[in-house]
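Asks: The following block contains a protein sequence and its predicted model.
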Amino acid sequence: MSLYARSHRVAWGDCDPAGILYTPRVFDYCNETLEGWYRDILGRPWMQMIADGTGSPMVHVECDFIRPMVPDLDLTIAVRIERLGASSITFLLDGDGPDGAAHFRAKYVVCITDFRAAKAIAIPAELRDRAEAYEQATRTGG
């Protein structure tokens, strides 16, 4: 299995007046990529989780900006799992240009949550099994 990845083309409207990607847009790109990962890899779209009373809100986010992102840049954002906890998942998201150059590296920690009880819950077995299979299949030596 290859890394789950999603492409994003930087639009002029995503940039500041200097023509550089407006920093918060990176988080939108990452969220859209993770939304696809939940749907395509876990088989559990975010909106279905929410309708069922659960979710995976972010509890920690960090990002290193490595190279400027300019209009018409095609970014590929790939998803790796750094850690599966009892109720949390730590994702690493790599934003690379078409030449493979790194433009950003982000880390997201999400917590599987019962929204009705407003508390963390164990990752459901079906989701854990799929996340573990993905993590093992895509693990790199580094």
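Replies: Structure's in. What do you need?
Asks: residues in contact with the residue nearest the centre of the chain?
Replies: When CA atoms, centre = their mean is applied to the chain, the residue found nearest the centroid is Leu34 (3.7 Å). Contact criterion CB atoms under 8 Å, 6 or more residues apart in numbering gives 79, 91, 93, 108, 110 as the residues in contact with Leu34. In this view, the C-beta of every residue, glycine as well, is placed from N, C-alpha and C.
Asks: any low-confidence regions in this structure?
Replies: For the chain, the stretches with pLDDT under 70 are 140-142.
Asks: can you give me the helices in it?
Replies: 24-37, 46-51, 125-138 (DSSP state H).
Asks: Nearest to Asp114, out of the ones you listed?
Replies: helix 46-51 (10.7 Å; CB to CB).
Asks: For Asp74, which of the helices of the chain is the nearest?
Replies: Of all the helices of the chain, helix 24-37 comes closest under CB to CB, at 11.8 Å.
Asks: what's the spacing between that closest one and its chain's center?
Replies: Computed by CA atoms, centre = their mean, to the nearest Å, the chain-centroid distance of helix 24-37 equals 6 Å.
Asks: in stretch 114-134, what's buried?
Replies: For stretch 114-134, burial by neighbour count (16 or more other CB atoms under 10 Å) applies to 120, 123, 127-128, 130-131, 134.
Asks: Equivalent analysis for stretch 23-33, please.
Replies: For stretch 23-33, the buried set under the neighbour-count rule, 16+ other CB under 10 Å, comprises 25-26, 29-30, 33.
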